[in-house]
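S.K.: Structure here, sequence nowhere to be found:
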């Protein structure tokens with residue numbers, strides 16, 4: 001069985017306060033983008049090793065494959081559903097990991113969906129969301145996979161009416177690793193005067209001046225090349241551009257398709273409509 005985990009971008013990201021549990025309260029809007037990895041699960045014959053395994057291809061993924069969130073999703077379900085057989089996963093990575101696009105979280109969410117459907121585990125949507133949250137704060141979003149206003153750690157989701165289907169997205173990843181912990185250490189949490197859903201109701205050409213990703217200031221200071229990507233997207237005609245998540249990917253929203261943008265370095269770049277037309 002095969003499915004196709006997609007990525008997301010953040011429209012705005014405000015850090016509101018630090019919590020007593022060590023996490024931060026935030027607000028952001030998750031927008032799913034139809035750029036996808038490919039995930040396949042093949043049940044292994046009975047009598048084989050009872051553990052799940054994974055083969056990776058495409059964009060390189062650092063670290064031990066057996067610690068991948070896809071494997072952790074299988075392990076999580078196996079604890080409560082011992083009838084779940086060992087499987088061989090094949091994950092083809094289209095998107096680079098650690099890019100602020102949620103690709104790893106999407107892989108985990110889609111693994112939960114795939115295993116639940118393929119092996120008829122009968123897990124409800126509410127139960128699946130609880131499993132997803134154990135894998136990461138933004139994993140539950142990919143079970144919903146439609147525009148959502150996220151609060152709390154990012155797990156409290158409220159559907160919003162946001163139609164960008166007529167626009168095109170350019171994603172740029174400069175293959176720069178951003179230290180999220182270091183970026184957090186340079187933030188001063190604050191509650192903005194207006195919430196993101198209110199700001200997003202305004203014309204898109206006003207977003208440049210009102211919708212902010214708090215991580216941009218510290219990340220751009222540490223990695224000026226990332227800030228230059230955002231500037232170049234505006235130079236190319238983007239109506240709105242921003243870093244996604246804590247970086248290092250930057251996206252631009254365009255009113256029409258654009259030709260590839262030339263950069264001095266070899267950056268990962270893809271252009272797609274929000275609905276996935278290339």
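M.R.: Structure's in. What do you need? Here the structure is a predicted model, which means the values were calculated and not measured.

S.K.: Can you verify residue 111 is assigned to a helix?
M.R.: Yes: assessed by DSSP: H, G, I helix; E, B strand; the rest coil, residue 111 belongs to a helix.

S.K.: Three-state assignment for the closest residue to it other than its chain neighbours, please.
M.R.: Nearest residue to residue 111 in three dimensions, chain neighbours excluded: residue 73, at 4.0 Å (Cβ to Cβ, 6 or more residues apart in numbering). C-beta coordinates here come from the backbone N, C-alpha and C atoms, glycine included. Three-state assignment for residue 73 (three-state DSSP): helix.

S.K.: I'd say residue 73 and residue 128 touch.
M.R.: No: in this structure, residue 73 is not within contact of residue 128 by Cβ atoms under 8 Å, at 10.3 Å.

S.K.: So which of these two has more stuff around it?
M.R.: Between residue 73 and residue 128, residue 73 has the larger neighbour count (other Cβ atoms under 10 Å), namely 26 against 19.

S.K.: wait, what's in contact with the more buried one?
M.R.: Residues near residue 73 by Cβ atoms under 8 Å, 6 or more residues apart in numbering: 108, 109, 111, 112, 115, 131, 135.

S.K.: Pop the domain breakdown of this protein in here.
M.R.: 2-158, 168-273 (automatic domain parsing).

S.K.: Could you tell me the end-to-end distance of the last one?
M.R.: Translated: domain 168-273. One end of domain 168-273 sits 4 Å from the other (Cα to Cα, to the nearest Å).

S.K.: again with the longest one
M.R.: End-to-end span of domain 2-158 (Cα to Cα): 29 Å.

S.K.: any idea of the mean pLDDT for it?
M.R.: Taken as a whole, domain 2-158 has a mean pLDDT of 94.

S.K.: do the same with the shortest one
M.R.: Averaging pLDDT along domain 168-273 gives 93.

S.K.: now that domain, how far from the centre of its chain.
M.R.: Offset of domain 168-273 from its chain centre (Cα atoms, centre = their mean, to the nearest Å): 14 Å.

S.K.: ok, now the first one?
M.R.: Taking Cα atoms, centre = their mean, one finds domain 2-158 lying 10 Å from the centre of the chain it belongs to.

S.K.: Show the contacting residues for the most centrally placed residue in the chain.
M.R.: Closest residue to the average C-alpha location of the chain: residue 102 at 1.8 Å, with Cα atoms, centre = their mean. When contacts are counted by Cβ under 8 Å, 6+ apart, residue 102 touches 7, 8, 30, 138, 141, 142, 245.

S.K.: Now the last one: phi and psi?
M.R.: When you say that, I think you mean residue 245. The phi and psi values for residue 245, taken as degrees, to the nearest 10, are phi 60, psi -140.

S.K.: Touching, it and residue 101? I think so.
M.R.: Yes: counting by Cβ under 8 Å, residue 101 is a contact partner of residue 245 at 7.1 Å.

S.K.: Packing partners of the helix or strand hosting residue 90?
M.R.: Here residue 90 sits within strand 87-93, counting by DSSP states H and E. Counting contacts by 3 or more Cβ pairs under 8 Å, 6 or more residues apart in numbering; DSSP states H and E, strand 87-93 packs against strand 38-43, strand 53-58, helix 69-80, helix 103-118.

S.K.: Would you format these as a markdown table with distance to residue 157 included?
M.R.: Output for the helices and strands packed on strand 87-93, formatted as a markdown table (distance: least, Cβ to Cβ, whole Å):
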| stretch | distance to residue 157 |
| --- | --- |
| strand 38-43 | 22 |
| strand 53-58 | 28 |
| helix 69-80 | 19 |
| helix 103-118 | 12 |
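
S.K.: and among the ones you listed, the most buried is which?
M.R.: Ranked by mean neighbour count under mean count of other Cβ atoms under 10 Å, these are led by helix 103-118, which reaches a mean of 24.
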